[in-house]
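Q: Build me a model from this:
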Amino acid sequence: MELKEQTTEVKPLSEIPEGKTIKVVQIEGGRGLKCRLEGLGIYPGQTIKVLRNKWGPVLVESMGRKIAIGRGQANKILVEEIE
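A: Purely as a prediction, here's the structure:
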């Protein structure tokens with residue numbers, strides 16, 4: 001019996017469709033951005049859900065809070081889909 005290895009693709013948050021649950025893998029920003037996002041509950045290892053990603057800021061839910069993240073910042077948050 002062979003076990004298939006699942007490869008997870010890491011993408012910027014700005015490319016994740018609405019309704020997906022994701023895990024933050026890495027934040028490619030400076031200390032200021034990392035501290036700001038951490039204060040909002042977005043840090044590597046955290047699971048979040050994408051609520052809206054059509055135009056304007058990306059709206060996510062983290063730890064029961066809705067958070068709007070600008071497109072520039074969303075491009076710096078690398079995530080993998082888990083659902």
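Q: now the strands: where do they sit in the chain?
A: When assigned using DSSP state E, the strands of the chain occupy the ranges 10-12, 21-27, 47-52, 58-62, 65-69, 77-81.
Q: Now do the fourth one: distance to the chain's middle.
A: Relative to the chain's own centre, strand 58-62 is displaced by 8 Å; criterion: C-alpha atoms, centre = their mean, to the nearest Å.
Q: Residue 71 and residue 54 touch, don't they?
A: No - the criterion here is C-beta atoms under 8 Å, and residue 71 misses it with residue 54 at 11.4 Å. In this view, the C-beta of every residue, glycine as well, is placed from N, C-alpha and C.
Q: Next, the distance between the ends of stretch 12-26.
A: Taking C-alpha to C-alpha, to the nearest Å, stretch 12-26 runs 10 Å from one end to the other.
Q: list the buried ones in it?
A: Going by neighbour count (16 or more other C-beta atoms under 10 Å), the buried part of stretch 12-26 is 12-14, 16, 22-24.
Q: Quick check: the nearest residue in space to residue 68 that is not next to it in sequence vs residue 45, distance?
A: Distances taken as C-beta to C-beta, 6 or more residues apart in numbering place residue 57 nearest to residue 68, at 4.1 Å, with adjacent residues excluded. Going from residue 57 to residue 45 by C-beta to C-beta, to the nearest Å gives 23 Å.
Q: more neighbours, those two?
A: residue 57 (16 against 7; other C-beta atoms under 10 Å).
Q: Show me the shaky parts of this protein.
A: By pLDDT under 70, the low-scoring segments of the chain are 1-8, 83.
Q: Identify all contacting residues around the longest helix anywhere in the chain.
A: Assignment by DSSP state H gives helix 31-39 as the longest helix of the chain. With contacts defined as C-beta atoms under 8 Å, 6 or more residues apart in numbering, helix 31-39 is touched by 27, 29, 43, 69, 73, 76-77.
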